[in-house]
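> One predicted model, sequence on top.
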Amino acid sequence: MDVEIHIATSAYAKYAQEVCDLIYESAQARGTGIAKRSPEYVAEKINAGKAVIALDGEKLVGFAYIETFSHQRFVANSGLIVHPDYRNMGLAKKIKRKIFDLSRKLFPNAKIFSITTGLAVMKMNTELGFKPVTFSELTDDEEFWKGCQGCRNFDILQRNNYKMCLCTGLLYDPAQKEVAASSFAKKVVKPIVKKKAPNKLYKK
């Protein structure tokens, strides 16, 4: 396996239909709903550089893209998919890391969020610093929640007024990371920086 993960450019727009087919086939196999996207929508993300694509030579083997909501205050890493022949090789984790890093670069102040029932996805997100949250802490943008309409559990989400479902909400908040880092510096780093005592041997 000689897979390379690229930040998408217009040169990769030719894979848009294959990406859509792979997402659909995965949804069918798992029996869950993944937001359906048109090849035109996927191509738009690729052309804008808001996607990553994994290729084995010229063969499409993985993909993920970025969506923004609530005036770019929230970012979702969507459509993470790996070709069936390339699963259980750690490729999904590499794609997730790549799309997460791209999200942080393009939208450094945005909160990155995810909803999932998949244990593997929860584990990947947790390793990147995501925390479990209630749906009330996620975007209230209707466009995002429309993406749940294709899921077989959508009626559960509706009955709970979009406040809970079988999915777990996960959130990465860069502001909290900065606060935590600052707190660590004050409590741990500063106390160990001591003023150097004068050398008594040279005291006049």
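That came through, no problem.
> Now for Ile109, how many residues are close by?
Not Ile; residue 109 is Asn. Around Asn109 there are 10 other residues, counting by other CB atoms under 10 Å. In this view, the C-beta of every residue, glycine as well, is placed from N, C-alpha and C.
> nearest spatial neighbour of it, skipping sequence neighbours?
Closest residue to Asn109 apart from its sequence neighbours, by CB to CB, 6 or more residues apart in numbering: Pro174 at 6.4 Å.
> how close does that neighbour sit to Thr117?
Distance of Pro174 to Thr117, given as CB to CB, to the nearest Å: 26 Å.
> The residue nearest to Asn109: how many residues sit nearby?
Residues near Pro174, counting by other CB under 10 Å: 15.
> just checking, what packs against the longest strand that the chain contains?
Secondary structure of the chain per DSSP state E: the longest strand is strand 59-69. Judged by 3 or more CB pairs under 8 Å, 6 or more residues apart in numbering; DSSP states H and E, the packing partners of strand 59-69 are strand 3-7, helix 16-30, helix 39-47, strand 51-56, strand 74-82, helix 91-106, helix 142-146.
> lowest-confidence helix or strand of this protein?
helix 174-184 (a mean of 63; mean pLDDT, DSSP states H and E).
> List the beta-bridge partners for the residue most central in space within the chain.
Central residue of the chain (CA atoms, centre = their mean): Asn77, 3.6 Å from the mean position. Counting by DSSP bridges, Asn77 is bridged to Ile66.
> wait, isn't it in contact with Arg97?
No - Asn77 is beyond contact range of Arg97, at 10.4 Å (criterion: CB atoms under 8 Å).
> Flag the shaky bits of the protein, pLDDT-wise.
Residues of the chain meeting the criterion pLDDT under 70: 1, 30-35, 177-204.
> If we use 90, what do you get?
Along the chain, the model assigns pLDDT under 90 to residues 1-2, 23-37, 78-79, 116-121, 143, 146-154, 176-204.
> Now stretch 16-26: buried residues?
When burial is assessed from 16 or more other CB atoms under 10 Å, stretch 16-26 yields the following buried residues: Ala16, Glu18, Val19, Cys20, Leu22, Ile23, Ser26.
> can you list the residues you listed in TSV and add distance to Asn153?
Below are the buried residues of stretch 16-26 laid out as TSV (distance: CB to CB, whole Å):
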residue	distance to Asn153
Ala16	28
Glu18	28
Val19	24
Cys20	22
Leu22	22
Ile23	18
Ser26	17
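> Who are the contact partners of the closest residue to Arg73 other than its chain neighbours?
Spatial nearest neighbour of Arg73, chain neighbours left out: Ala110 (6.0 Å); criterion: CB to CB, 6+ apart. Contacts were defined as CB atoms under 8 Å, 6 or more residues apart in numbering; by that measure Ala110 touches Thr68, Gln72, Arg73, Phe74, Val75, Ser103, Pro174.
> Repeat that for Tyr172.
Phe100, Lys111, Ile112, Phe113, Asn125, Leu128, Gly129, Phe130, Lys131.
> Swap in 10 Å and give it another go.
75, 77, 100, 103-104, 110-114, 125, 128-131 (CB atoms under 10 Å, 6 or more residues apart in numbering).
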